[in-house]
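> structure, please.
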Amino acid sequence: MPRLIAVVQARTGSTRLPRKVLRDLGGRPVLAWVIGAAQASDVCDEVVVATTTDPADDDVASLATEVGARVVRGPVEDVLSRFLLAADALHAQPADGIVRLTSDCPLLDPSVIAMCARAFAPRRVDYVTTDHENTVAHGFDVEIISVDALRRLDALATGADRAHVTSYVTAHPAEFRVATVAFDPSCADLRVTLDEPADAELIDVIVAELGDDATDWRAVVALLRTRPDLVAINAHVDVKPTAAG
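Numbering: from 1, shown residues only. Next comes the predicted model:
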C-alpha cells in the first residue's frame with residue numbers, strides 16, 4: 001500500500017461564512033469532523049492541516065494540534081504551495097500520495113476516503129477523484145494526487161489553479177493518469193458542503209437527525225431523499241466558480 005497523507009486545507013478567511021471551519025457542529029468544531037474522517041479511514045499515515053501564516057488562523061493551527069494533526073502554514077491564496085509544504089514536511093517518511101480534503105466538508109465519509117485509496121493503491125495513476133462522473137454531492141468530495149504529480153503542478157499551475165490545487169488536472173486530464181470513484185446511486189443533485197448560512201442550517205439539521213451516522217454518505221442521502229423540505233434549505237446556493245479563486 002502506498003504511503004498516503006491527508007492534507008486538509010483550512011483557514012478562517014471565508015468571505016461567505018467567516019470562521020466556518022471553527023463553527024460548532026454537534027459539539028465539535030467543523031475542522032475536527034474533517035480531521036476525524038481522515039483518521040477514521042485507516043488509510044492515511046498522517047493527517048496534516050495546511051493553513052495560512054495569517055495570525056487570524058492561529059486558532060486553526062491550535063485546534064488541529066489539539067485533535068492530533070500536524071500543521072503547516074503558508075501563503076493565504078497559494079494553496080498549492082501549502083500542499084507542497086505539507087509534502088516536504090514529511091521528508092523523513094516521504095509520501096507517495098496526498099489525500100486532498102477541504103475543511104468545509106464536515107460530513108466526509110471515511111469509507112469513501114478508503115475507496116479512493118484503494119483506487120490509488122496500484123500506483124499507476126496520478127490522480128483519483130470522486131468528481132468526474134458527476135455522481136457525488138458537493139460535500140462528499142475526495143481526491144488523491146501523487147506527490148510527483150503535485151510537483152508537476154507547481155510548474156504548470158497559475159492563478160486560480162493554484163488556489164484550487166487540482167483544477168489544472170481536471171482541465172487537462174489527457175496530461176495525467178486519472179481514475180474516478182463513482183457513487184451509486186448518484187447524489188450529484190444534493191449539496192452538503194459548508195459555504196453559506198443556508199448550508200450551515202442544513203448540515204446542523206442532518207447532524208441533529210443522524211448523529212454519528214451523519215458521516216455515512218448513504219445515510220445522509222437516504223435522509224435527504226425522504227425530506228425535500230431539507231433539500232430546499234440550500235437549494236438556491238451555487239457552487240463557487242473555479243475562476244473566482
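
> list the contacts for the spatially most central residue of the chain?
The C-alpha lying nearest the average C-alpha coordinate of the chain belongs to Leu101 (Cα atoms, centre = their mean; 2.2 Å). Contacts of Leu101 were listed using Cβ atoms under 8 Å, 6 or more residues apart in numbering, and they are 6-9, 34, 37-38, 108, 113, 142. For glycine as for every other residue, the C-beta is placed from the backbone atoms N, C-alpha and C.

> try 7 Å
Under the criterion of Cβ atoms under 7 Å, 6 or more residues apart in numbering, the contact partners of Leu101 comprise 6, 8, 34, 38, 108, 142.

> and which of these is nearest Arg218?
Compare each of the contacts of Leu101 with Arg218 using Cβ to Cβ and the shortest gap goes to Leu108, at 13.5 Å.

> quick one: which of the contacts of Leu101 is nearest to Ser62?
The shortest separation between Ser62 and any of the contacts of Leu101 is 14.6 Å, and it belongs to Val8 (by Cβ to Cβ).

> follow-up on the earlier one: state the distance from the residue nearest to the centre of the chain to Ala160.
Remark: distance between Leu101 and Ala160 (Cβ to Cβ, to the nearest Å) = 19 Å.

> and the helix ranked longest in the chain, how far from the chain's centre?
Among the elements of type helix in the chain, defined by DSSP state H, the one spanning the most residues is helix 197-210. Averaged C-alpha coordinates place helix 197-210 at 18 Å from its chain's average position (Cα atoms, centre = their mean, to the nearest Å).

> for Asp141, which non-adjacent residue is closest in space?
The shortest distance from Asp141 to any residue other than its chain neighbours is 5.5 Å, reached at Thr130 (Cβ to Cβ, 6 or more residues apart in numbering).

> so Thr129 sits against Val136, correct?
No: Thr129 is beyond contact range of Val136, at 9.0 Å (criterion: Cβ atoms under 7 Å).

> shouldn't Val49 be within a strand?
Yes: Val49 forms part of a strand when assessed by DSSP: H, G, I helix; E, B strand; the rest coil.

> count residues in the vicinity of it, would you?
The number of residues packed near Val49 is 31, by other Cβ atoms under 10 Å.

> contacts only, for it.
Residues near Val49 by Cβ under 7 Å, 6+ apart: 8, 10, 60, 64, 69, 71.

> so which of those residues are in helices?
Secondary structure assignment (DSSP H) places 60, 64 from the contacts of Val49 within helices.

> with pLDDT and neighbour count as added columns, please give the contacts of Val49 in JSON lines.
Written out in JSON lines, the entries for these read as follows (pLDDT from 0 to 100; neighbours: other Cβ atoms under 10 Å):
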{"residue": "Val8", "pLDDT": "98", "neighbour count": "26"}
{"residue": "Ala10", "pLDDT": "97", "neighbour count": "28"}
{"residue": "Val60", "pLDDT": "98", "neighbour count": "26"}
{"residue": "Ala64", "pLDDT": "98", "neighbour count": "28"}
{"residue": "Ala69", "pLDDT": "97", "neighbour count": "25"}
{"residue": "Val71", "pLDDT": "98", "neighbour count": "18"}
